[in-house]
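1. any chance you can model this:
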Amino acid sequence: MQDTPKLNELLCFSLYSTSLAMNKLYRKLLKPLGITYPQYLVLILLWHHKSYPMSNIGEDLFLDSATLTPLLKRMESANLLTRRRDKQDERHVIIELTEQGQALESQVENVFQEAMCASQLSLEDIGRTKHVVDALRQNLVHYNNSH
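-> Next up is the predicted model:
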């Protein structure tokens, strides 16, 4: 078929292959800290919230409970966080950092800086790219929820 776009013309492939490259970079940068990229994202949320409902973590990271629960259990086993039932509503689980999880915050600043350097983009270009990708994600989520 002549109307079928080539692989390198597809936005979905550009996003997919960029995501793979970004994950590979973060895997390398986070390995010395003993954490994975999804764990890093959970930690970033907790460094800003200290105590956070598990359901909010799932929403913020676009993860369902079948993915999030084992991730948090592994992090709890590594003594990075604790999980406890909310005293007001035991159906909710509250996630909190341990001292060990909090201590990692000072060690990840260079991870962020290294990732910025690896992109070889200006802060302005990164901001514009992030804005467009965020808008795309929002549009796709809206479309998927309405169809």
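2. what's downstream of the one helix or strand residue 30 maps to, the next helix or strand?
-> Residue 30 is part of helix 11-30 when elements are defined by DSSP states H and E. Next helix or strand after helix 11-30 toward the C-terminus (DSSP H and E): helix 37-49.
3. what mean pLDDT does that next one get?
-> Averaged over helix 37-49, pLDDT sits at 96.
4. could you dump it to CSV, C-alpha only?
-> Taking Å, rounded to 0.1, in the frame of the first residue of the first chain, the C-alpha atoms of helix 37-49 are listed here in CSV:
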residue,chain,number,x,y,z
TYR,A,37,12.5,4.1,36.9
PRO,A,38,9.0,3.4,38.2
GLN,A,39,10.3,3.4,41.7
TYR,A,40,12.1,6.7,41.0
LEU,A,41,8.7,8.2,39.9
VAL,A,42,7.0,6.9,43.1
LEU,A,43,9.8,8.4,45.2
ILE,A,44,9.5,11.8,43.5
LEU,A,45,5.8,11.9,44.4
LEU,A,46,6.6,11.0,48.0
TRP,A,47,9.4,13.5,48.3
HIS,A,48,6.8,16.1,47.6
HIS,A,49,3.9,14.7,49.6
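5. okay then, goodbye and thanks.
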